[in-house]
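Visitor: A structural model of the following input is requested.
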Amino acid sequence: MSDEIRLVLPAEEDFRHIAHLVVGGLGVRLDLTFEHLEDLQVALEALLGCRDDDGDIVVTVHADAGAIRTSVGPFGPGALDGLDDDGNALGLRRVLDTVTDGFAIEERNGSSWVELTKATA
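Guide: Modelled structure (predicted):
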């Protein structure tokens, strides 16, 4: 089974709960464990917290057998500076290292996107 949800919402803090509700609903549908869902929600909140402006942010969640892949963006220059840390400080890199099985920054049309992977099996 393969599911994909693409959500476009304002980057303002007031709208973050919508992304959490959608991801939570997908987690229930996929019968994710509480730990996997919580990890995904923590990673999502950490990334959504890098933006609080008048633009839109896109969250795409793709689930297939054994993994959930999440794409979040776009992020402008400097928004992801926390990923440059060495992982010892309690910053964005350490959070993502802890709650995901991998992440990468991808450049698309002059903006940065973060690709997250979380194994579910």
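Visitor: For the residue nearest the centre of the chain, which residues are in contact?
Guide: In the chain, the centroid-proximal residue (CA atoms, centre = their mean) is Leu44; its distance is 3.6 Å. When contacts are counted by CB atoms under 8 Å, 6 or more residues apart in numbering, Leu44 touches 19-20, 23, 59, 70, 72. For every residue, glycine as well, the C-beta is placed using N, CA and C.
Visitor: and with 7 Å instead?
Guide: If a contact means CB atoms under 7 Å, 6 or more residues apart in numbering, then Leu44 has 19-20, 23, 59, 70 as its contacts.
Visitor: What is the lowest-pLDDT residue among those residues?
Guide: Within the set of the contacts of Leu44, pLDDT is lowest for Val23 (87).
Visitor: isn't that one right next to Leu40, touching?
Guide: Yes: with contact defined as CB atoms under 7 Å, Val23 and Leu40 form a contacting pair (6.1 Å).
Visitor: just the strands in the protein please.
Guide: Under the criterion DSSP state E, strands of the chain are mapped to 3-10, 56-64, 67-75, 102-108, 111-119.
Visitor: Direction included, what does the fourth one pair against?
Guide: So the one you mean is strand 102-108. Strand partners for strand 102-108, identified by DSSP bridges, are recorded as strand 111-119 (antiparallel).
Visitor: Extract the C-alpha trace of the partner strand and format it as PDB.
Guide: Output of strand 111-119 as PDB, limited to C-alpha atoms (Å, rounded to 0.1, in the frame of the first residue of the first chain):
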ATOM      1  CA  SER A 111      14.800  27.100  -1.900                       C
ATOM      2  CA  SER A 112      15.700  24.400   0.600                       C
ATOM      3  CA  TRP A 113      13.500  21.400   1.400                       C
ATOM      4  CA  VAL A 114      14.100  18.900   4.100                       C
ATOM      5  CA  GLU A 115      13.400  15.200   3.300                       C
ATOM      6  CA  LEU A 116      12.800  13.000   6.300                       C
ATOM      7  CA  THR A 117      12.700   9.200   6.500                       C
ATOM      8  CA  LYS A 118      11.200   7.200   9.300                       C
ATOM      9  CA  ALA A 119      11.200   3.400   9.200                       C
END
